[in-house]
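Enquirer: Structure for this input, please:
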Amino acid sequence: MTQPTATLTSHWRPNGAPLLHSEDIHEAFACDVFTIEQMRQRLSKPVFESLHATIHRGVPLDSAIADTVALAMKEWATERGATHYTHWFQPLTGSTAEKHESFVTPLPGGGAVTEFSGKDLIQGEPDASSFPSGGLRATFEARGYTAWDPTSPAFIVRHSNGATLCIPTVFASWTGEALDAKLPLLRSLDALNRSVLRALSLLGVQANRAYATMGCEQEYFLIDETFYYRRPDLYLTGRTLFGTKPPRGQELEDHYFGSIPDRVLSYMTEVEHVLYRLGVPIKTRHNEVAPAQYEIAPVFEQANAAADHQHLVMNVLRATARRYGLVCLLHEKPFAGVNGSGKHLNWSIATDTGLNVLDPGTDPQQNMVFLFFCAAIISAVHRHQDLLRYSVASAANDHRLGAHEAPPAIISMYLGDALTDMFDRIASGTPGTPAANGGLLQLGAAILPHLPRHATDRNRTSPFAFTGSKFEFRAVGASQSVSLPATVLNAIAADAIDRLAQQLESSLARGASLPKALEEVIANVIAEHRAIIYNDDGYSPAWHAEAERRGLLNLRTTLEALEHVTAEKNIALLSQLHILNEREIHSRQEIAFAQYFKTINIEAETTERIAMTQLLPACIAYLESLRRSGNHRTISALEREVAMLTDQFGDALAELRTHNRELGGDTARQKAYHMANNVLPAMQQVRAIADQLERIVPEHLWQLPSYQQLLWLK
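Expert: Prediction:
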C-alpha cells in the first residue's frame, strides 16, 4: 500500500475547458431528453396520442407503435451525437446498470447502417445471475429482461468522446419477478393511484389520475483528490476508517449557508448545467453544516422521474468532481465527529388536475381532502414504522441515524402544535375557536377548519415531518436509491387510504353527512394512532423512554430492522397491493443481509491492512527514533506513552485479525451478525487507539492525510 508523496496543499488549476455557461437556459434545459415535445414533433398524431395516453393516463402500451417510436428516438439521438444505446436500470445493488449496444449494423457487401427496432426499444436481455437476486435466480438461471418504461423519458449521457442514448427500464427475471428497484416503485404508484381516486370520489373531487411527487435534497462532501488517493479507506470503502478529531470542526457553526468557495461554486455550476440538459430541475445549492459538506436539491416531480433523476444527480456529482481535482463523497458518514450526509425525501400526492392532497386549502372541500389524507398518513406511519425503518437501513446509515445530525432510529411524525391541536380537537369533539384572520374554524358543520399554509415550524430531529404541503422523510441516507423508500411510502399510504375510505363509505351508507362521516374517521385515527405524533426534541434521551411507553419501535441497527421485513403483516400488505410477492420480499431481506456483511467485511479487511502496513510501522519507527534521542525526561515520558499505545494497538489489531478470519456461519444472516457483534467492535477499538496515536506520531511518519487537510482544503 505504498502511497504517492503529496504536498500538504493543493495547487489546483482548472482541468480542461470549462463548460460554456452562457448558453440560454431555456434552450439548454432538457435538450438531451426525448421529451413530450420531441415526440409530438417526430411522431404521427395517432402514434403520439397512443404513447401520450400510456405516459399520462396509464393506458397499456400498444406494442404496434414500438417500431415507429424507436425510429424517431434513434433519429433524435443520432442527430445529437449518440452512437450507442443502453437499457438503463436499477438492479438491487443500490446503483444503476447499463450495457451499451451500437446503433451501427455492418452490411454484408460493405458499409454499415444505423438500426434500432421496436424490439430493441422494448426489451433487452442482460445476465440476471450477475446481479443480486436473493435466491430468485441461480447462476444457471441467468435469463433476465429489461423492459422499457415509457413513463420516464429517454435521455443522452455525454462523455469525452461521444454520447449514449439511455432508455429507462425495469429489470425482471424470466419468471416475471422484480430484480430491481423500479418495478416495485411502478407497482406502488399504480396501487396509490387506485386508492387515491377511490377516496377522492367519496370526497366529491374529480380526477383521472393520482401520483406521488418527490423532491430529494442531496447532501455530499467534496475533498481534494490529492489526499483522496492517499487514503485507501476512502477509495475502498467510501469513509475514513481512521482519523482523529481536528482542532476545528463544525463548532463555530460558520459553514452552514456560508459563502461558497470559488472552486466549489464553479463545480456546482457545471453540475447544474449538466443536469439542466438532462431535464433535472435543480433549484438549490448551499454549504451544509460540516466543513467540506454541501447540498443540492431539485423542485418536485412525479415520483418515477424523480427517482431516475436522483440517480443522475449522484452520477453527475461524482463524475464532474474530477474535472476540478475533487472527489465527491456520498457516504452517509465519511468523517467521524462531524455531521454525516442524508437525502431528505420530500413526498406528497397530487392529481392530474393540479390538486396536492396534502396542501391545506382555503375552502371547505379542499380542507376535507387535506384532513382525510393527512389522517391516512398518520395511520400509515404508525402501522408500518418497521417498513419505513427498513427502507433506510444500511451499514452506512447506522453511523448517522440518531447522532445529533440526523433523526433517531425511532420513527415518529412531526405535525406542529397547530395541526396536532386541530386533530386532537376533532378527536375529542371540542370545537375550535374561530379566528379573526380566518384560522381554525369550528368542525361539525358544513365549514371545516381553514389551515394556514405554514401552520407548522420545522423539526430537524423528526424522521417524518409535515412541512406545509408535504412530508419530509429525513432518515434516507445520502448514498441510497430513493426508489425503495418511495415504494414503501406509496404502499403504506395506499393501504391506509383504502382503510379510511372503507370507513368513510360505511359512515356515508349509514346516512351520515360527509363532514360528520369525516369527523368520525379522523377521530378513530387519532384514537388509534396518536402515539406516532411527536413534536418535541427527538434527540432528547427522555424521548427514548417516552417512545417505549407509547409502544413505538426503536430499531437501532440495520439488522434489527431487517428482522421485521418478513413479518406477516408486511408480506400481506405488499402482496395484496401487488407490489412485491412473498418470494420477492424474502429475496430483498437476503440481499440486505448480504450487503451488510460484505460492507463491514470490506471495511474490516481495509482497517487491518492499513493498520498493519502503514500505521503500526509508523508507530514503531517513531518509537525507535525516541529511543535514539536520549533519556531526557520529556522524551522518556513520550516514549513510554507511545510504547504503551503501540502495544495496545498491536493487541487490538490481533483481535481484529482473528475476527476477520472468521465469517460467523454459512448464511448471509449469520455472517451479518458476526460482523455486527464481533468485527465492528474490534474495528472501533483499533481505530480508537490509532486516533490517539495520530495525535502524537509526526505527520511525515503517519502518512494518512489528516482530517484538517481533508476537511479544510478549499
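Enquirer: Thought Glu177 was touching Leu92, still the case?
Expert: No - applying Cβ atoms under 8 Å as the test, Leu92 and Glu177 come out as separate, 11.5 Å apart. Quick note: C-beta positions are derived from backbone N, CA and C, even for glycine.
Enquirer: Spell out the residue ranges of the helices in the stretch 501-650 of the chain.
Expert: Along the stretch 501-650 of the chain, counting by DSSP state H, counting those that start in this stretch, helices occupy 514-529, 541-550, 558-562, 568-576, 582-610, 616-627, 633-661.
Enquirer: out of those helices, nearest to Ala395?
Expert: helix 582-610 (4.3 Å; Cβ to Cβ).
Enquirer: For that closest one, list every residue counted as buried.
Expert: By neighbour count with 16 or more other Cβ atoms under 10 Å, helix 582-610 contains the buried residues 584-597, 599-601, 603-608, 610.
Enquirer: of Leu92 and Glu177, who's got more company?
Expert: The neighbour count for Leu92 versus Glu177, taken as other Cβ atoms under 10 Å, is higher for Leu92 (22 against 18).
Enquirer: For the closest residue to that one other than its chain neighbours, what are phi and psi?
Expert: Nearest non-adjacent residue to Leu92, counting by Cβ to Cβ, 6 or more residues apart in numbering: Pro132, 4.4 Å away. Backbone torsions of Pro132, given as degrees, to the nearest 10, read phi -60, psi 130.
Enquirer: List the contacts of Pro132.
Expert: For Pro132, the contact set (Cβ atoms under 8 Å, 6 or more residues apart in numbering) comprises Pro91, Leu92, Thr93, Ile591, Ala594, Gln595.
Enquirer: residues near the nearest residue to the first one once chain neighbours are set aside, how many?
Expert: Spatial nearest neighbour of Pro91, chain neighbours left out: Phe131 (4.2 Å); criterion: Cβ to Cβ, 6+ apart. Counted with other Cβ under 10 Å, the burial measure for Phe131 works out to 18 neighbours.
Enquirer: so Phe131 touches Lys99, yeah?
Expert: No - between Phe131 and Lys99 there is no contact under Cβ under 8 Å: 11.7 Å.
Enquirer: Between the contacts of Pro132, which sits nearest Ala542?
Expert: Comparing the contacts of Pro132 against Ala542 with Cβ to Cβ picks out Gln595 as the nearest, at 34.2 Å.
Enquirer: give the contact list for the closest one.
Expert: Gln595 is in contact with Gly94, Pro132, Ser394, Ala395, counting by Cβ under 8 Å, 6+ apart.
Enquirer: With Val316 instead?
Expert: Residues touching Val316, when contacts are defined by Cβ under 8 Å, 6+ apart, comprise Val271, Val274, Leu275, Leu278.
Enquirer: State the distance from it to Arg530.
Expert: Here the distance between Val316 and Arg530 works out to 43 Å (Cβ to Cβ, to the nearest Å).
Enquirer: Specify the strand with the largest residue count in this structure.
Expert: strand 210-224 (DSSP state E).
Enquirer: by contact count, what packs against it?
Expert: Taking 3 or more Cβ pairs under 8 Å, 6 or more residues apart in numbering; DSSP states H and E as the contact definition, the neighbouring helices and strands of strand 210-224 are helix 182-202, strand 293-298, strand 301-302, helix 303-321, strand 326-329, strand 343-351, helix 483-509, helix 707-712.
Enquirer: Make TSV from these and add distance to Phe227 and mean pLDDT to it.
Expert: Written out in TSV, the entries for the helices and strands packed on strand 210-224 read as follows (distance: least, Cβ to Cβ, whole Å; pLDDT from 0 to 100):
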stretch	distance to Phe227	mean pLDDT
helix 182-202	36	97
strand 293-298	16	95
strand 301-302	36	96
helix 303-321	13	97
strand 326-329	9	96
strand 343-351	25	96
helix 483-509	33	97
helix 707-712	6	90
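Enquirer: want to throw the ones you listed into TSV with distance to Met214?
Expert: Below are these laid out as TSV (distance: least, Cβ to Cβ, whole Å):
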stretch	distance to Met214
helix 182-202	10
strand 293-298	9
strand 301-302	7
helix 303-321	4
strand 326-329	22
strand 343-351	5
helix 483-509	6
helix 707-712	31
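Enquirer: So which of these is nearest Gly58?
Expert: Proximity of the helices and strands packed on strand 210-224 to Gly58 was assessed by Cβ to Cβ; the nearest stretch is helix 182-202, lying at 7.1 Å.
Enquirer: Show me what that closest one is packed against.
Expert: strand 162-173, strand 210-224, helix 303-321, strand 343-351, helix 364-383, helix 483-509.
Enquirer: To Thr634, which of the ones you listed lies closest?
Expert: Using Cβ to Cβ as the criterion, the shortest distance between Thr634 and those is 35.2 Å, found for strand 210-224.
Enquirer: what's the pLDDT at Pro431?
Expert: Pro431 is assigned 61 on the pLDDT scale.
Enquirer: try Leu573
Expert: 98.
Enquirer: how about the nearest residue to it once chain neighbours are set aside, what does it touch?
Expert: Setting aside the residues directly before and after it, Leu573 is nearest to Asp495 in space (Cβ to Cβ, 6+ apart), at 5.5 Å. With contact set as Cβ under 8 Å, 6+ apart, Asp495 has these partners: Ser195, Ala380, Arg383, His384, Leu573, Leu577.
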